[in-house]
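Chemist: What would the 3D arrangement of this be:
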Amino acid sequence: MNPVIVIQARTQSSRLPNKIFQTIGDVPILSWVARRAARANAVDGIIIATSTSPHDDSIENHAVESGWTCYRGSEHDVLDRFVGAAREASAEAVVRVTADCPFIDPGVIGGLITHYQENDLDYAGCVHVRSFPRGLDAEIMRLSALERVLASDTQPRHREHVTPYFYEHPHLFRIAPYVADGRWLRPDVRLCLDDQMDLQLLREAHALLPDATPESFSTLELLETLDRNTELLERMRAGEHRHHAKNHAEGIHHTLATAAA
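Modeler: Here you go, the predicted structure:
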């Protein structure tokens, strides 16, 4: 059985409220993420996982209008929400993506799934060991392993951020990072959305690919185009340094979940 992709989404972001409905090329960010993720090989569909808060009714409405499954669960216990979505899909394994990564790459997701399956893992991800551009973040885990985490004596951060328990307890699970190589080895590039400055940079990057839709290009094409536009690339790198310093100063362990749980 192929894994399902669960996309965590919320509207109440502190840095850029309602950011998932901001647009790039007239397409909402949430649609960018879902439409690109859905192109990954060897997956059995996508689920939009949001909260039961009335603030997030718009997410369910958008998912239904777009033909995507929507699961609603706890607003603050994101781990429980995530497990609930996976159980509803009767999935043996689940890929975790957040809704603030508009240029997520289906090929990277497919490679992650292959890495997980070939090594018979409980958990794999390209988050804990940073090697891909930020914004291509994805993780895959066995549902049975995730249920063990849910039943464990967890800390609040484990309930909020879903996956840290795996790489904080490597002796309990079969885990291995999915590490970039070759042209993908670009940890300096920032392609995710936290604030208004990120949004401006992402829109400028998209403008380098005229008429690009979520289905029409790979992230490698975008990276190659950015390499020919060094001024924008340097601003993206500066943005990554800015966010890293800001999160460090705030004492935040900045992982995939911090951005859009």
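
Chemist: And the helices in the chain?
Modeler: For the chain, helices defined by DSSP state H occupy the ranges 29-37, 57-66, 78-88, 106-118, 143-150, 156-161, 164-168, 196-207, 219-227, 230-249, 256-260.

Chemist: Would you mind putting those into CSV with mean neighbour count, mean pLDDT and distance to T213 alongside?
Modeler: Bear in mind the C-beta positions are built from the backbone N, C-alpha and C, glycine included. Listed next are the helices of the chain as CSV, based on neighbours: other Cβ atoms under 10 Å; pLDDT from 0 to 100; distance: least, Cβ to Cβ, whole Å:
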stretch, mean neighbour count, mean pLDDT, distance to T213
helix 29-37, 24, 98, 8
helix 57-66, 16, 98, 14
helix 78-88, 21, 95, 27
helix 106-118, 19, 98, 13
helix 143-150, 18, 95, 32
helix 156-161, 16, 88, 32
helix 164-168, 19, 93, 34
helix 196-207, 17, 97, 10
helix 219-227, 17, 96, 13
helix 230-249, 15, 80, 20
helix 256-260, 22, 49, 22
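
Chemist: Of the ones you listed, give the one that comes closest to V129.
Modeler: For those, distance to V129 was read as Cβ to Cβ. The smallest value, 8.9 Å, belongs to helix 164-168.

Chemist: ok now that closest one, how far from the chain's centre?
Modeler: Taking the mean of its C-alpha atoms, helix 164-168 sits 17 Å from the chain's own mean (Cα atoms, centre = their mean, to the nearest Å).

Chemist: send the alpha carbons of that helix over as PDB?
Modeler: Extracted in PDB, the C-alpha atoms of helix 164-168 (Å, rounded to 0.1, in the frame of the first residue of the first chain):
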ATOM      1  CA  PRO A 164      11.000  15.500  17.000                       C
ATOM      2  CA  TYR A 165      10.400  12.500  19.200                       C
ATOM      3  CA  PHE A 166      11.700  10.200  16.400                       C
ATOM      4  CA  TYR A 167      15.100  11.900  16.100                       C
ATOM      5  CA  GLU A 168      15.400  12.500  19.800                       C
END
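
Chemist: Nearest to C126 among the helices of the chain would be which one?
Modeler: Across the helices of the chain, C126 has its closest neighbour in helix 106-118 (6.5 Å, Cβ to Cβ).

Chemist: how far does the closest one sit from the chain's center?
Modeler: Offset of helix 106-118 from its chain centre (Cα atoms, centre = their mean): 14 Å.

Chemist: about what we covered before: so which of the helices of the chain comes closest to N18?
Modeler: helix 57-66 (8.2 Å).
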